[in-house]
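Visitor: no sequence on this one, just coordinates:
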């Protein structure tokens with residue numbers, strides 16, 4: 001192949017086509033018309049000597065050659081992009097867009113104070129928060145779009161980890177709950193009806209995984225996908241939520257919740273900040289990580 005004749009934009013188009021497996025969706029990602037994207041696909045087919053996308057019924061599928069190109073192409077484009085990253089990050093003037101992945105409890109605890117800092121220091125920077133997903137479904141294509149992950153001790157391939165803050169799990173009940181403080185006793189805890197939180201990529205609430213290892217089964221009356229939903233339901237029913245204490249404290253006044261110490265000590269939870277290895281020296285990433293770490297420290301010391 002003569003590299004002098006290679007248009008770099010064709011590789012960007014190829015990346016979009018391989019990620020989306022669809023000309024129409026790739027066109028939207030590239031902000032091009034569908035005919036222009038079809039023309040790029042034909043040029044790529046001629047250049048590579050492979051159809052790349054083939055029709056199977058109503059769907060388009062990647063050929064084996066296209067599948068093999070996905071990962072090395074993504075890595076190559078990431079390396080090319082780093083060539084054009086500025087050595088400096090001017091927060092006051094930057095219009096950069098950051099994408100963060102975190103569970104709802106981290107959004108509640110971290111994002112208001114973080115956004116106060118961002119608004120003051122970088123008024124044109126925007127942040128997109130996407131729902132947390134476990135490392136088992138954290139695909140390479142998805143990982144490439146993420147600047148920071150907030151999560152408990154799971155490891156994410158290709159990401160470095162720094163401790164952000166610690167927490168402990170506690171019981172939450174509505175004010176005036178008929179059992180309330182008695183939930184400190186094991187018998188009352190086991191007799192109560194609980195709301196479980198099963199977030200994306202998990203098969204059960206992590207609390208139940210821990211309890212089962214001790215030979216204990218809770219009475220699960222309701223399953224919800226997020227911690228905040230669990231607390232909202234708890235505030236209006238006699239159900240019991242076993243969730244991070246800092247989140248209960250943050251919403252206790254608003255939702256009229258009471259914190260009860262569980263009959264078993266669940267130990268310390270560590271929330272971590274994960275950032276991509278490829279962004280280790282990126283000035284913008286360094287700036288955002290610094291702000292996030294400051295916010296975590298403030299949460300630990302009770303300043304937020």
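Guide: Here it is on my side, so go on. Note that the structure is a prediction, hence the values are computed from the model and not measured.

Visitor: could you use CA atoms for every contact and neighbour count after this?
Guide: OK.

Visitor: for the stretch 1-150 of the chain, what spans make up the strands?
Guide: 53-56, 59-62, 97-102, 126-131, 148-151 (DSSP state E, counting those that start in this stretch).

Visitor: same question, the stretch 201-304 of the chain
Guide: So, for the stretch 201-304 of the chain - with DSSP E, counting those that start in this stretch - the strands run 219-224, 240-244, 257-260, 268-276.

Visitor: re earlier: so can I have a markdown table of the strands of the stretch 1-150 of the chain showing mean neighbour count?
Guide: Shown next, in a markdown table, are the strands of the stretch 1-150 of the chain (neighbours: other Cα atoms under 10 Å):
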| stretch | mean neighbour count |
| --- | --- |
| strand 53-56 | 14 |
| strand 59-62 | 16 |
| strand 97-102 | 17 |
| strand 126-131 | 14 |
| strand 148-151 | 24 |
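
Visitor: if we can go back for a sec, make TSV from the strands of the stretch 201-304 of the chain and add distance to residue 8, mean pLDDT and mean neighbour count to it.
Guide: Formatted as TSV, the strands of the stretch 201-304 of the chain follow (distance: least, Cα to Cα, whole Å; pLDDT from 0 to 100; neighbours: other Cα atoms under 10 Å):
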stretch	distance to residue 8	mean pLDDT	mean neighbour count
strand 219-224	46	97	14
strand 240-244	48	97	25
strand 257-260	57	97	20
strand 268-276	24	92	19
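
Visitor: for these, which one sits closest to residue 145?
Guide: strand 268-276 (10.0 Å; Cα to Cα).

Visitor: ok, and what's touching the closest one?
Guide: Contacts to strand 268-276, defined as Cα atoms under 8 Å, 6 or more residues apart in numbering, come from residues 146-153, 156, 158-169.

Visitor: now that strand, how far from the chain's geometric center?
Guide: For strand 268-276, the separation from the chain centroid amounts to 12 Å (computed by Cα atoms, centre = their mean, to the nearest Å).

Visitor: for stretch 54-72, same thing?
Guide: Remark: stretch 54-72 is offset 27 Å from the chain centroid, using Cα atoms, centre = their mean.

Visitor: then stretch 258-274?
Guide: 20 Å.

Visitor: pLDDT averaged over stretch 197-208, what's the number?
Guide: Averaged over stretch 197-208, pLDDT sits at 90.

Visitor: show me which positions of it end up buried.
Guide: 197-200, 205, 207-208 (16 or more other Cα atoms under 10 Å).

Visitor: could you do stretch 186-195 as well?
Guide: Neighbour count says stretch 186-195 has 189, 192-195 buried, by 16+ other Cα under 10 Å.

Visitor: circling back: redo the strands of the stretch 1-150 of the chain as a markdown table? Include mean pLDDT.
Guide: Shown next, in a markdown table, are the strands of the stretch 1-150 of the chain (pLDDT from 0 to 100):
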| stretch | mean pLDDT |
| --- | --- |
| strand 53-56 | 90 |
| strand 59-62 | 89 |
| strand 97-102 | 95 |
| strand 126-131 | 94 |
| strand 148-151 | 94 |
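
Visitor: export the ones you listed as JSON lines, with columns for distance to residue 76.
Guide: Formatted as JSON lines, the strands of the stretch 1-150 of the chain follow (distance: least, Cα to Cα, whole Å):
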{"stretch": "strand 53-56", "distance to residue 76": "21"}
{"stretch": "strand 59-62", "distance to residue 76": "19"}
{"stretch": "strand 97-102", "distance to residue 76": "21"}
{"stretch": "strand 126-131", "distance to residue 76": "25"}
{"stretch": "strand 148-151", "distance to residue 76": "21"}
